[in-house]
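Q: With the input below, show me the fold.
(one chain, ligands or ions: 1)
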Amino acid sequence: MIAQLIGRRRLAALVWAATAGVGGELSALGLTASAAWLIARAGQQPPLSALALAIVGVRAFALFRGGLRYVERLTGHDAALRVLADLRVRAYEALRRSADPSLNETAPGGRDADLVQRMVADVESVQDLLLRCLLPTVVSWAVGSAAVVLSVVLLPAAGAVLAAGIVLAGAALPAVAGLASRAGARRVAAARSDLAVRGLDVARGATDLAAFDATERFVARADEAAARLERAERRSAVVEATVNALGAAVQGLTALAVLWVARRQGADAVPVTVLTLTALVAVESVLPLADAARRFVELRPAARRVTALLASAPPEPATLSGRGARRRPVPARPGVELVGVRVAYGEAVALDGVDLRVPFGRKVAIVGASGAGKSTLLGVLTGETPARGAVLLDGAPLDAYDAADVRAAVRGLTQDAHVFAASIRANVALARPGASAAELEDAARRAGLLGWITSLPDGWATLVANDFLSGGQRQRLLLARALLADPPVLLLDEPAEGLDLPTADRLVTEMLGDERTVVLVTHRLAPLKAADEVVVLDRGRVLQRGPHDALAAVAGPYRDLWEAERLHTDHSAGVKTW
Ligand SMILES: Nc1ncnc2c1ncn2[C@@H]1O[C@H](COP(=O)(O)OP(=O)(O)OP(=O)(O)O)[C@@H](O)[C@H]1O
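A: Model prediction:
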C-alpha cells in the first residue's frame, strides 16, 4: 500500500531521509555512550591522553547528531511534499477517469463535492503517514537494533535484557496503543457525528423548535451527545496517557535491569555506566512507535481509500485522450440521443433502459413523480452522471468530444445550480464572463428577472447569496445564467419553481418557443401543449411518450396527472375568485 502511494520516483528521496534520520539517532546514541564512557573513565583519573579519543568522539557525535537531524527534517519534508504533489495529480487523474461516464459506465454516482473533499483530505493525510509513521518506525528500529548489538558486544546478558525492553516498548506497546486507538477512534467518531447531527438540528430547526415549544428537549438531546463525546474523548486520553506512562516505566525498568545484570556479572564501572545509559537512550528512541501506531490506525483508512482509487481508475484509452488524440468538434445544431440508458446508485435504479431521441430544435418535456429519474436523465445528457448504455451527441458518443465542448453544448438550469455570494451581475455573467450589458439584460428579461433587478437600489451590483433570495428569484437568476450561456441544447430542471402559476406557465411556454433544443423537467403540465413530445417516467422507466394532446386524450398515467392538475388549478382559481 505504502509503496503504491509513494511511487518509484520518490522512493530514493525517502531512503535518503531515512538514512539521515538513522544517522542522526545513531549519533545521539554514540554521544550518550561516549559521554558515559568519558565520565565514568574520568572518575578513575587516567592520564589525559587516555581520554582524548572519547573527547573527540563526544564532539563529533554532537556535531553529527545536530547536522544529520537537520538533514533528516529537510529531506524528509521535501520528499513527503514531493510525494504529496505527485499523489495529488495521480489521484485527480484517477478521480477524473472514474467519474468520466465515457470511460467508466459501471460506477455511477456523480462527482459529489463531499467525496472530492474527502479525497483531498485523504491525500493530504499521506504526508503524516510518511513523516509520523513510516520514517519514525524505520529510524526507531534501526537505532534500537544498533543499541542491542553494541550492548551484546559489551556484555551479552545486558544485551539480552535491552532487547527484551526494546521489544516491549517498540512492539508490544505500539500494538496495544494501535488496538486501543482503533476502538477509541470508533467511539469518538460515532459520538462526534451524533453531536454534529443533533447540534445542526437545534441550529437549523430553531424556528420550528421554538414554535412547537420543543427547544429544551432538543437542546437536552444535543447536551447528551456532547457528554457522550466528552466521555469517549476522556477515555481515549486515559488510554493514551497509560500507554505513555507504561513506556516511561519500561524505559526506567530496562535501564535498572541492565544495571543489575551488569553488576551481577561483575562488570567494571565504565561498561556498567555505558550499558545503563545506552539502554535508557535506546528504549527512549523506540517510545515514539506507540504514537506512530496510533496515527497509523487513524490514517490507514484514508491511505486505503487513496490506494483503492489509484487502483480502480480505468486506464486512459489512448484513442481518446492520448497525446495528439483528435476529438470531434461539436456541430452548431447537434441532436442528442439516449439508447438503453441505465443508472444505478448502489441497489437503487434511477434509470432503467431509457431510450430518447431528440433531434436539433425539438422540445421534449420529462414528467413523472418525485424520484422517477427526471433529474438523473438531465445529468446523463450533460455527461455529469455516469451511465451504462449509449449517450450520443450528434450521433457520436460523448467521449468522442472534448468534455469542455460537451459542457458548452448541453447545459442549462440543473438542480444543483448554485447562487454565489456575489453581485447579481457576477452570478449571471458566470455563464459568459465577456457578455455585454445588452446580452445580460436580454437574458434577465427572458428569465423574467429584469424588472426586479432594476427595482433594486443597487441594481445589477446588488449582492446576493443562496439564502437571501426567494425561491422564485433564485430560480429566475439561475435561468438567466443558463440563457446567457446560450447552448444549442438547453436543459431546464423545474425552471419555474417558486413562481406563481400564470408567470410560471408563461415562462415555460416562452422557453418552449425557442429555436434551440430544449429538454425540460417539470411537474406542471399546462404549458406542455407547446412541447413536441412529453415523456412520462416512472421509477426510471418510460411509461408513455407523445405530444401532450395525444397523451391527455388516452387513459393512462399522463391523463391522470393532467386531470389532477386541472382540478387543482380550477379549485385554486375558484377559491381566489370567491
Ligand atoms: N447522488 C445520488 N445518490 C443516491 N441516489 C440518488 C442520487 N441522486 C438521485 N438518486 C436517487 O435516484 C432516483 C432518481 O432521482 P432523481 O433526482 O433523478 O428524481 P427526480 O425524478 O428528478 O425527482 P424530483 O422530482 O423529486 O426532483 C431517486 O430514487 C433518488 O433517490
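Q: Do me a favour and average the pLDDT over the host helix or strand of Asp405.
A: Using DSSP states H and E, Asp405 sits within helix 403-409. What helix 403-409 shows for mean pLDDT is 88.
Q: That helix: which residues count as buried?
A: Neighbour-count burial for helix 403-409, counted by 16 or more other Cβ atoms under 10 Å, picks out 403, 406, 409. C-beta: built from backbone N, CA, C; applies to glycine.
Q: Distance to Val239 added to these, as CSV?
A: Shown next, in CSV, are the buried residues of helix 403-409 (distance: Cβ to Cβ, whole Å):
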residue, distance to Val239
Ala403, 49
Val406, 53
Ala409, 58
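Q: ok, Ala189 - how many residues close by?
A: 12 (other Cβ atoms under 10 Å).
Q: Contacts only, for it.
A: Contact analysis of Ala189 by Cβ atoms under 8 Å, 6 or more residues apart in numbering lists nothing.
Q: all helices for the stretch 51-200 of the chain, in order.
A: Secondary structure of the stretch 51-200 of the chain (DSSP state H, counting those that start in this stretch): helices at 52-99, 113-128, 135-154, 156-167, 173-204.
Q: Can you lay out those helices as CSV showing mean pLDDT and distance to the ligand?
A: Shown next, in CSV, are those (pLDDT from 0 to 100; distance: least, Cβ to the nearest ligand atom, whole Å):
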stretch, mean pLDDT, distance to the ligand
helix 52-99, 86, 12
helix 113-128, 76, 10
helix 135-154, 92, 40
helix 156-167, 95, 49
helix 173-204, 88, 19
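Q: and of the ones you listed, who's closest to Ala255?
A: Ala255 lies closest to helix 156-167 among the helices of the stretch 51-200 of the chain, at 8.2 Å (Cβ to Cβ).
Q: So which elements touch the closest one?
A: helix 135-154, helix 215-264, helix 269-286 (3 or more Cβ pairs under 8 Å, 6 or more residues apart in numbering; DSSP states H and E).
Q: any idea which of the ones you listed is most buried?
A: Highest mean neighbour count of those: helix 269-286, a mean of 24 (counted as mean count of other Cβ atoms under 10 Å).
Q: and it with helix 215-264, angle?
A: 160 degrees (axes from the mean of the first three to the mean of the last three Cα atoms, to 10 degrees).
Q: Quick one: residues in contact with helix 269-286.
A: With contact meaning Cβ under 8 Å, 6+ apart, helix 269-286 is reached by 25, 28-29, 32-33, 35-37, 39-41, 43-44, 139-141, 143-144, 147-148, 150-151, 154-155, 158, 161-162, 165-166, 169-170, 250-251, 254-255, 258-259, 262-263, 267.
Q: how about 6 Å then?
A: 25, 29, 32-33, 36-37, 40-41, 140, 143-144, 147, 151, 154, 158, 162, 165-166, 169-170, 251, 254-255, 258-259, 262 (Cβ atoms under 6 Å, 6 or more residues apart in numbering).
Q: neighbours of the nearest residue to Pro527 once chain neighbours are set aside, just the number please.
A: If the residues on either side of it in the chain are set aside, Pro527 comes closest to Val508, at 4.0 Å by Cβ to Cβ, 6 or more residues apart in numbering. Val508 sits with 25 neighbouring residues when counted by other Cβ under 10 Å.
Q: Also Gly513?
A: Gly513: 10 surrounding residues under other Cβ under 10 Å.
Q: same deal with Val89?
A: 9.
Q: hmm, which helix or strand of this structure has the shakiest average pLDDT?
A: Every helix and strand of the chain was ranked by mean pLDDT, DSSP states H and E. The lowest is helix 318-321, at a mean of 42.
Q: What is whatever helix or strand comes next after it packed up against?
A: Going down the chain from helix 318-321, the next helix or strand is strand 336-345, by DSSP H and E. Counting contacts by 3 or more Cβ pairs under 6 Å, 6 or more residues apart in numbering; DSSP states H and E, strand 336-345 is packed against strand 348-358, helix 374-382, strand 388-393.
Q: now strand 336-345 against strand 388-393, angle please.
A: Counting by the same axes, to 10 degrees, strand 336-345 lies at 150 degrees to strand 388-393.
Q: May I see the buried residues of strand 336-345?
A: Buried positions in strand 336-345, judged by neighbour count with 16+ other Cβ under 10 Å: 336-338, 341-344.
Q: of those, closest to Arg305?
A: Ala344 (21.6 Å).
Q: That closest one and Gly389: what is the separation?
A: Distance of Ala344 to Gly389, given as Cβ to Cβ, to the nearest Å: 12 Å.
Q: Ala461 now?
A: Separation of Ala461 from Gly389 (Cβ to Cβ): 46 Å.
Q: These two: who's more crowded?
A: Legend: neighbour count by other Cβ under 10 Å for Ala461 and Gly389, higher for Gly389 (16 against 12).
Q: distance of the more buried one from the ligand?
A: According to Cβ to the nearest ligand atom, to the nearest Å, Gly389 and the ligand sit 16 Å apart.
Q: residue contacts, that residue?
A: By Cβ under 6 Å, 6+ apart, Gly389 lies in contact with 339-342.
Q: Switch those residues over to a markdown table; also include pLDDT.
A: Formatted as a markdown table, the contacts of Gly389 follow (pLDDT from 0 to 100):
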| residue | pLDDT |
| --- | --- |
| Val339 | 95 |
| Gly340 | 93 |
| Val341 | 93 |
| Arg342 | 94 |
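Q: Let me have these in CSV, adding distance to the ligand as columns.
A: Shown next, in CSV, are the contacts of Gly389 (distance: Cβ to the nearest ligand atom, whole Å):
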residue, distance to the ligand
Val339, 19
Gly340, 18
Val341, 12
Arg342, 12
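Q: Identify the farthest-apart pair in these.
A: Taking Cβ to Cβ, the two most distant members of those are Val339 and Arg342; they sit 10.6 Å apart.
Q: Spatially nearest residue to the most centrally placed residue in the chain, not counting backbone neighbours?
A: In the chain, the residue lying closest to the centroid (Cα atoms, centre = their mean) is Arg118, at 1.7 Å. Counting by Cβ to Cβ, 6+ apart, Arg305 is the residue found nearest to Arg118 once chain neighbours are left out, at 7.9 Å.
Q: what do you get for Asp122?
A: Ala302 (3.9 Å).
Q: Next, the contact list for Phe360, please.
A: 333, 335, 517.
Q: So what are the sheet partners of the strand or helix carrying Ile366 and their directions?
A: Taking DSSP H and E as the definition, Ile366 sits inside strand 363-368. Using DSSP bridges, strand 363-368 pairs in its sheet with strand 517-521 (parallel), strand 533-538 (parallel).
Q: Show me how the protein divides into domains.
A: The chain breaks down into these domains under automatic domain parsing: 2-312, 336-416+487-577.
Q: In TSV, list the ones you listed along with distance to Ser423.
A: Putting the domains of the chain into TSV (distance: least, Cβ to Cβ, whole Å) gives the following:
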stretch	distance to Ser423
domain 2-312	24
domain 336-416+487-577	20
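Q: If we only consider the buried residues of strand 336-345, which is nearest to the ligand?
A: Val343 (7.6 Å; Cβ to the nearest ligand atom).
Q: correct me, but that closest one touches Asp352?
A: No. In this structure, Val343 is not within contact of Asp352 by Cβ atoms under 6 Å, at 8.3 Å.
Q: ok, Arg217 to the ligand distance?
A: Distance from Arg217 to the ligand, counting by Cβ to the nearest ligand atom: 30 Å.
Q: How about Tyr345?
A: Between Tyr345 and the ligand the computed distance is 3 Å (Cβ to the nearest ligand atom).
Q: Could I get the phi/psi values of the nearest residue to Gly412 once chain neighbours are set aside?
A: Using Cβ to Cβ, 6+ apart and skipping the chain neighbours, the partner closest in space to Gly412 is Leu491 (3.7 Å). Main-chain torsions, Leu491, degrees, to the nearest 10: phi -100, psi 130.
Q: show me the contacts for Leu491.
A: By Cβ under 6 Å, 6+ apart, the contact set of Leu491 is 378, 412, 519.
Q: do Arg294 as well
A: Each residue near Arg294 by Cβ under 6 Å, 6+ apart is listed here: 177, 181.
Q: one more time with 10 Å, if that's ok
A: Residues in contact with Arg294 (Cβ atoms under 10 Å, 6 or more residues apart in numbering) are 132-133, 174, 177-178, 180-182, 184-185, 236, 239-240, 243.
Q: I am finished for the moment; much appreciated.
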